[in-house]
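A.B. asks: Here's my sequence, what's the structure:
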Amino acid sequence: MKPIILGSSSPFRKALLDKLQLEFSTDSPDIDETPMKDEQPKDMVLRLAKAKAEAIAERHPQSIIIASDQCATLDGKIIGKPGDHASAVEQLKAASGRAVTFYTSLCVMDSALQKQEVTVVPYHVYFRQLTDVQIERYLEKEEPYNCAGSFKSEGLGISLFERLEGDDPNTLIGLPLIQLIDMLENFGVDVL
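C.D. replies: Numbers count the residues shown, from 1 in each chain. A predicted model of the protein is given here:
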C-alpha cells in the first residue's frame, strides 16, 4: 500500500485522522493561503485543498495525499482566525444568536497517478444569544485566538451553541471523516 501523507500541520486534523487507525505521516504544505479578489468561500477552500495536496505530492511522489482547508462565514463573508482577544470578542458578538457556516474542503490525491478527488462539506453552527460576560468568560477559559470563528467546538466552545447541523461533526473540527473514508476507498485504501 502507498504511504498516506496528511498535508497539514494542524494537531486537530492529525487527531481526527488518528481516529481511523491508519498509518500515516504529516507534512506541512506551506502554501500562500491569501484569498483571491472576489473569491467565494467554497471556491477558496477548494482551491487551497488542491494546492496543499499538489505541494505535498511534489515531495511525496508515490503517496496518497490528504489535504483540507476550512473557513467560517457569517452572512456569506469569511471570518478568519481572530488572532487576539479584541477580535475574538467582536466575532463572538457578531455570531451571537445567529448561524455561522463552515466550509471544509477535502482533497485526496494519488501523487503517482496525479489523480485527485475533491469535495466541500458545509457545517452550520447556530449560536445562543450570548451576553458580554459569557463571551469574556469563554475567551478567558479557552483562548481560541487561533481558531476560525473564535471557538473550539471540541472543548468548552460547545457551550456557545444552540444547535449544530451537518452530516459529520468531524467536519467542524477540520476533517470530514465520513467523506474521507469514501474517498480513500476510491483510491484503494480500506479503513476496515
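A.B. asks: which residues pair with residue 107 across the strands?
C.D. replies: residue 67, residue 118 (DSSP bridges).
A.B. asks: can you give me phi and psi for residue 123?
C.D. replies: phi -150, psi 130 (degrees, to the nearest 10).
A.B. asks: who touches the longest helix anywhere in the chain?
C.D. replies: If you go by DSSP state H, the chain has its longest helix at helix 41-59. For helix 41-59, the external contacting residues (Cβ atoms under 8 Å, 6 or more residues apart in numbering) are 5, 7-8, 27, 29-31, 33, 35-36, 39, 63, 65-71, 73, 76, 78, 103-109, 111, 114, 116, 118, 120. From N, CA and C alone the C-beta is placed, and that goes for glycine too.
A.B. asks: and the helix or strand hosting residue 133, how far out from the chain's middle?
C.D. replies: Assessed by DSSP states H and E, residue 133 sits inside helix 132-142. Mean-position distance between helix 132-142 and its chain equals 23 Å (Cα atoms, centre = their mean, to the nearest Å).
A.B. asks: and the helix or strand just after that helix, which strands flank it?
C.D. replies: Sequence order places strand 161-165 as the next helix or strand after helix 132-142, per DSSP H and E. If you go by DSSP bridges, strand 161-165 pairs up with strand 115-127 (antiparallel).
A.B. asks: Now the partner strand: buried residues?
C.D. replies: Within strand 115-127, the residues scored as buried using 16 or more other Cβ atoms under 10 Å are 116, 118, 119, 120, 121, 122, 123, 125, 127.
A.B. asks: what do you get for stretch 45-59?
C.D. replies: 45-57.
A.B. asks: Averaged pLDDT, it. What do you get?
C.D. replies: Averaged across stretch 45-59, pLDDT comes to 97.
A.B. asks: Spatially, what comes nearest to residue 153 if we skip its sequence neighbours?
C.D. replies: Using Cβ to Cβ, 6 or more residues apart in numbering and skipping residues adjacent in sequence, the residue nearest residue 153 is residue 172, 5.1 Å away.
A.B. asks: Test my guess that the one you found contacts residue 101.
C.D. replies: No - applying Cβ atoms under 8 Å, one finds residue 172 not in contact with residue 101, separated by 10.6 Å.
A.B. asks: Quick check on the closest residue to residue 149 other than its chain neighbours: phi, psi?
C.D. replies: Spatial nearest neighbour of residue 149, excluding adjacent residues (Cβ to Cβ, 6+ apart): residue 72 at 4.1 Å. Main-chain dihedrals, residue 72, degrees, to the nearest 10: phi -110, psi 140.
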